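Novice: Show me how the following folds:
(4 chains)
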Protein chains: 2
Amino acid sequence: MKKSLADKIEQYLKVLIDRSEGKQIEIQRAELAETFSCVPSQVTYVISTRFQEKFGYRTESRRGGKGFVRITRFAVTSDIATINDADKLFHFINELVEKKILELNEGSMLKHIVASASSTLNDEERKNLYNSVARALNEYLNLNH
Amino acid sequence: MKKSLADKIEQYLKVLIDRSEGKQIEIQRAELAETFSCVPSQVTYVISTRFQEKFGYRTESRRGGKGFVRITRFAVTSDIATINDADKLFHFINELVEKKILELNEGSMLKHIVASASSTLNDEERKNLYNSVARALNEYLNLNH
DNA sequence: TCCTATTTGACTTTATTTGACTTTCTTGTA
DNA sequence: TACAAGAAAGTCAAATAAAGTCAAATAGGA
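Specialist: Now for the predicted structure:
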């Protein structure tokens, strides 16, 4: 995938978080913008689109001198309950692939299973399936990683 | 039969997929249209008529800057229709692991997901899930071995 | 001819990038 | 202590980049 600037900044931050103690980092918006030669609001954009609560991140910040933006990842697991459509589930699976927790092929396989299985279900059943798979996958990963 | 433009684009994409790692490619619609000197919606047309689920392809996309269209192929086959309960499916998975077609942990993951996810589904949904997983596995196997 | 598949293009929706302006802190100084 | 200056982050809207939709026009085959 051709990476947009937003994608690169996202990836950079995720690596920092991965390597951090406590899955938490503090950055200075202006400094990060400097690093990527972009305007500071670009950083705000990335944070507000990619590090939302529903993706398992929480952010805090402070303005003024010695200001900062703090990003905390809470266990990948805690927002599983909200996965009830194909987009969210696929997003979840894609993230696992990105993080190298799943292989590309494993991700493809899972996505196919879901797409295939859901095609004969009604809306209610489908939601159920998406959520069940997300829970089950998460459960499995918790046990094995 | 004279090849239409749509046919040529289809063929081109299939070659790309064949040569790709993981039977998955990402293209930019506008760029491909440029290559074939046609309007972008022509590409959309090709993708929506030739790369459907029923032909063994799945697509995802993103609009906006650095957007893309991702096409993934999974092979389609048909003689696993009989797998419709947990025992048969688990037996099938175990065999694949024994034959070293699946890794031990891949097998575990699938069994876990299936067992766990199926517990919240009704009978009809459950059968569906078992069969879908069997099919997906078979496809996975066709692609990678 | 009639039907279906293809081609084209105008318009829509979504995502990203940029920058001007606003708000909120911290710190130094009277 | 109060206040002004400066440092950071936030907001918002415009500009740009890509993909999607839909329907009209055209081409090709039975």
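Novice: What distance do you get for the residue lying closest to A:Thr44 once chain neighbours are set aside to A:Tyr57?
Specialist: Distances taken as C-beta to C-beta, 6 or more residues apart in numbering or on different chains put A:Arg29 closest to A:Thr44, at 6.8 Å, once the chain neighbours are dropped. For the C-beta atoms, the positions are set from N, CA and C on the backbone; glycine is no exception. Relative to A:Tyr57, A:Arg29 is positioned 16 Å away (C-beta to C-beta, to the nearest Å).
Novice: Where does pLDDT dip in chain A?
Specialist: Scanning chain A for pLDDT under 70 picks out the ranges A:75-79, A:120, A:143-145.
Novice: And the single nearest residue of it relative to DNA strand C, its phi and psi?
Specialist: Closest contact between chain A and DNA strand C, by C-beta to the nearest atom of the strand, is at A:Gly64 (2.4 Å). When read as degrees, to the nearest 10, the backbone of A:Gly64 gives phi 70, psi -180.
Novice: Could you list which residues are in contact with A:Gln11?
Specialist: Applying C-beta atoms under 8 Å, 6 or more residues apart in numbering or on different chains to A:Gln11 gives the contacts A:Lys3.
Novice: Which element, helix or strand, includes it?
Specialist: With secondary structure defined by DSSP states H and E, A:Gln11 is part of helix A:5-19.
Novice: Would you mind naming what in chain A lies close to chain B?
Specialist: A:1-4, A:7, A:90, A:104-106, A:108-113, A:115-117, A:119-121, A:125, A:128-129, A:131-133, A:135-137, A:139-140, A:143-144 (C-beta under 8 Å from any C-beta of the partner chain).
Novice: Wondering if stretch A:95-103 reaches DNA strand C at all.
Specialist: No: applying C-beta under 7 Å from any atom of the strand, one finds stretch A:95-103 separated from DNA strand C by no less than 13.8 Å.
Novice: in that stretch, what's buried?
Specialist: Neighbour counts using 16 or more other C-beta atoms under 10 Å in any protein chain shown place A:95-97, A:101-102 of stretch A:95-103 among the buried residues.
Novice: Tell me the one among these nearest to chain B.
Specialist: Among the buried residues of stretch A:95-103, A:Leu102 lies closest to chain B (C-beta to the nearest C-beta), at 8.6 Å.
Novice: quick one: the residue nearest to that closest one when sequence neighbours are not counted from B:Lys14, how far?
Specialist: Using C-beta to C-beta, 6+ apart and skipping the chain neighbours, the partner closest in space to A:Leu102 is A:Leu96 (4.4 Å). Per C-beta to C-beta, A:Leu96 is found 28 Å from B:Lys14.
Novice: hang on, the earlier thing: quick one, which of the residues of chain A next to chain B are buried?
Specialist: Here, 16+ other C-beta under 10 Å leaves A:4, A:7, A:90, A:104-106, A:108-113, A:115-117, A:121, A:125, A:128-129, A:131-133, A:135-137, A:139-140 buried among the residues of chain A next to chain B.
Novice: element containing the residue nearest to A:Ala6 when sequence neighbours are not counted, please.
Specialist: Of all residues not flanking A:Ala6 in the chain, A:Val46 sits nearest, at 5.0 Å (C-beta to C-beta, 6+ apart). According to DSSP H and E, A:Val46 maps onto helix A:40-50.
Novice: So which residues make contact with the biggest helix by length in chain A?
Specialist: As assigned by DSSP state H, the longest helix anywhere in chain A is helix A:123-144. Applying C-beta under 8 Å, 6+ apart, the contact partners of helix A:123-144 are A:76-77, A:80-81, A:83-86, A:88-89, A:92-93, A:96, A:101, A:110, A:113-114, A:117-118, A:121, B:105, B:108-109, B:112-122, B:125, B:129.
Novice: Show me what from chain A comes close to DNA strand D.
Specialist: Contacts of chain A with DNA strand D, taken as C-beta under 7 Å from any atom of the strand, map to A:27-31, A:40-41, A:44, A:47-48, A:61-69.
Novice: re the thing from before, from memory the residue nearest to A:Thr44 sits against A:Pro40, does it?
Specialist: Yes: assessed by C-beta atoms under 8 Å, A:Arg29 is found in contact with A:Pro40 at 5.0 Å.
Novice: more neighbours, the two?
Specialist: A:Arg29 (18 against 14; other C-beta atoms under 10 Å in any protein chain shown).
Novice: What are the phi and psi values at that one?
Specialist: phi -50, psi -50.
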